[in-house]
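> need a 3D model of the sequence below.
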Amino acid sequence: MKHYPVYLSVQGQHIALSGGADAALAKLRLLMKTEAQITVFAPEAAAEIRDWATQGKLTWVPRALEDGDLGKEVLFYAADEDEAEDARTAAIARKAGVLANIVDNLQDSQFITPAIVDRDPVTVAIGTEGAAPVLARAIKAELEERLSPNLGMLARIGKTFRKTVEVLPFGRARRDFWSDYYFNLGPRIETQGESAAQRALNELLVDHVNISDAPGHVSFVGAGPGDPELLTLKARKALDKADVVIYDRLVAPEILELARREAVLIDAGKTPYGQHTPQDHINALMVEHAHDGHQVVRLKSGDPTVFGRLDEEMDALDAAEVTYTIVPGITAASASVAAIGQSLTKRGRNSGVRFLTGHDVEGFADHDWRTLASPGEVAAIYMGKKAAHFIQGRLLMHGADPATPVTVIENASRADQHLITTTLATMAHDLSEADLSGPALTLIGLNPRAEALAHAEGQAKAAH
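You can find the predicted model right below:
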C-alpha cells in the first residue's frame, strides 16, 4: 500500500486550487461538498467558478499563484492542465508546507483523491493508486446503485441517537441494535421521512433493552487450510459478528484479519511437543466469555470435526449450559489432493480413504497397519512430520511396498505451499532433509499429476 487512506478533517480549514478550466471544475465540485474554505487562483476562470465566487461559496483570486500566497492551507490542488505551471504551483505549495496534488500526475503528487460515493455523512472512498481508474469508476457506479439515496438520512438520525443507545450494554447488545436499525428497520422506513424514522428508532430501542440480557453463544468455525478464499460464507459471517475469537496456532494470519477490529483475539495454540495451551484452559475461556454474553468464535484450522478435539470442547459447553453451532471448513486432506491434481478416491484404485493422525496425546498413534500396507490403499496423515520414521517402519514391517508413492504437502493452499514427492522407502530421510516448518499433510499412496508438479515447481521458482 503506497497511499494510506485517511479521512482528513477540513471543517473550517483552508484548501487552495490553481486553475480555472475543466480539471479545476471537476475537483471543485467535490471540494465544495466539504465545509472547507476554498480559494481558487486563476487569471481566467470558468463561468461556474465566477458564479460560485459571487455566491460566496469560494474565493476567486484573478491571478496566478505566487510565493507567499499559501501557508494556512491543509491541501493544495494544481489543476492548470499545463505541466510546467502545475510543477511551478506545486513547488510553491511544498515550500509553504502544504500537501500538493497535481491533477493527473500521480508520481509527483503527495496525496490523491479517491473516487467517492457520497451519502453524507456516509462516504465510501475507492482508490486504485492510479493503477486502474476505470475499475474505480465501475466500483463507484455499482455502489451508487446499491446504496439507498436515503442512507445518509438514516445515518444522521442514528448519529443523534448514539448517546441514548448507551442504555444498552457495550459490545454485542449495541452492535445488534445498530445492525437491526440499518439493515432491517431502516430499509422499511427510509422513505417515510425523518420524524417517522425517529419514532421507529425509539420503539426499536425499547425492544432491544428488553432482550439485552441474551446469553452468549459459541460457534466452532473451520478456518480451512489457509487460503482465505476457501473460507465459507458462514464462517465469514461468524467472524464478522464475533466479540471474541479463540484461535489455533495453524490459523493463517490472513484469516484472523477478517475478524471484527473490535474483537478480542486469543491465541490458544498448541505446538506438538512444544508450547501448549491446556485444553481445560481453552474450555474455561469459551465458557467464561459466553457467560459474559459474548459471541465467541472457536476458530480451528481446517475442519473442526477432523482431529480438532471438538467433542471435548462441546462436552464442556454442554456442562456449562452454553449453546453452540458448528461451521464446517475445508480440511487439509481436500486442499492437499487438490494441490497435487488428484482425488482421494478413484474407481479401480481405492474405494475408501483413511484420515489418520501421526500422534495423539500418548505419543505416536497406532493404527491398522496391516490394512494400510495393502496395495492401492490411500491414507491422509495429519500431524505426521515427527512421526514419519515411525509410520514408515510400521508400514514396511507389515509388508507395504517400499516403492509406494508418498507426497507431503506443506502449507496446503497457501502462497508458500511446498510439495515433497518421495516413496515409503525414503520418506523419513527426505522429510528430515526438507526441514519443514509449516503444517504438513502426508498422503500415502498418491503422487502429484505431472501438470500439478510442474505448476508447483514453477511457483517455487517464482517465490525464490
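
> check the gap between residue 152 and residue 11 for me.
The spacing between residue 152 and residue 11, counted by Cβ to Cβ, to the nearest Å, is 17 Å. Glycine gets a C-beta too; all of them are placed from N, C-alpha and C.

> between those two, point out the one with more neighbours.
residue 152 (16 against 8; other Cβ atoms under 10 Å).

> for the more buried one, which non-adjacent residue is closest in space?
On the basis of Cβ to Cβ, 6 or more residues apart in numbering, the spatially nearest residue to residue 152 that is not a chain neighbour turns out to be residue 119, at 4.2 Å.

> which residues does the one you found bridge with?
Under the criterion DSSP bridges, residue 119 forms beta bridges with residue 122.

> return the residues in contact with it.
With contact taken as Cβ atoms under 8 Å, 6 or more residues apart in numbering, residue 119 is in contact with 147, 148, 149, 151, 152, 155.

> okay, the fifth one: pLDDT?
Predicted confidence (pLDDT) for residue 152: 87.

> tell me the phi and psi of it?
Geometry field for residue 152 lists phi and psi as phi -60, psi -40, criterion degrees, to the nearest 10.

> so how far is residue 88 from it?
Separation of residue 152 from residue 88 (Cβ to Cβ): 39 Å.

> helix or strand: which one has the residue nearest to residue 304 when sequence neighbours are not counted?
Closest residue to residue 304 apart from its sequence neighbours, by Cβ to Cβ, 6+ apart: residue 220 at 4.5 Å. Assigned by DSSP states H and E, residue 220 belongs to strand 217-222.

> same check on residue 371?
helix 369-372.

> mind giving me the packing neighbours of the following helix or strand past that helix?
Next along the chain after helix 369-372, taking DSSP H and E as the criterion, comes strand 379-382. Based on contacts counted as 3 or more Cβ pairs under 8 Å, 6 or more residues apart in numbering; DSSP states H and E, the elements that strand 379-382 packs against are helix 332-339, strand 354-357, strand 440-444.

> and among these, the most buried is which?
Each of these was assessed for mean neighbour count using mean count of other Cβ atoms under 10 Å. The highest is strand 440-444, with a mean of 26.

> okay, the angle between that strand and helix 332-339?
Comparing the axes of strand 440-444 and helix 332-339 via axes from the mean of the first three to the mean of the last three Cα atoms, to 10 degrees yields an angle of 70 degrees.

> distance from strand 440-444 to the middle of the chain?
Mean C-alpha position of strand 440-444 versus that of the full chain (Cα atoms, centre = their mean, to the nearest Å) differs by 29 Å.

> same thing with stretch 130-149?
Between the mean C-alpha location of stretch 130-149 and the chain-wide mean there is a distance of 20 Å, by Cα atoms, centre = their mean.

> tell me the mean pLDDT for that stretch?
Stretch 130-149 comes out with an average pLDDT of 87.

> buried set for that stretch?
With burial defined by 16 or more other Cβ atoms under 10 Å, the residues of stretch 130-149 counted as buried are 136, 139, 140.

> with stretch 196-216 instead?
Of all the residues in stretch 196-216, those buried under the rule 16+ other Cβ under 10 Å are 197, 200, 201, 204, 205, 208, 212, 216.

> in what helix or strand does the third one lie?
Residue 201 belongs to helix 194-211 when elements are defined using DSSP H and E.

> starting at the chain centroid, how far to that helix?
How far helix 194-211 lies from its chain's middle: 32 Å, per Cα atoms, centre = their mean.

> and it, what does it pack against?
Checking 3+ Cβ pairs under 8 Å, 6+ apart, helix 194-211 ends up next to helix 151-161, helix 172-180, helix 186-189.

> those helices: which one's closest to residue 354?
Evaluated with Cβ to Cβ, those place helix 172-180 nearest to residue 354, the distance being 41.8 Å.
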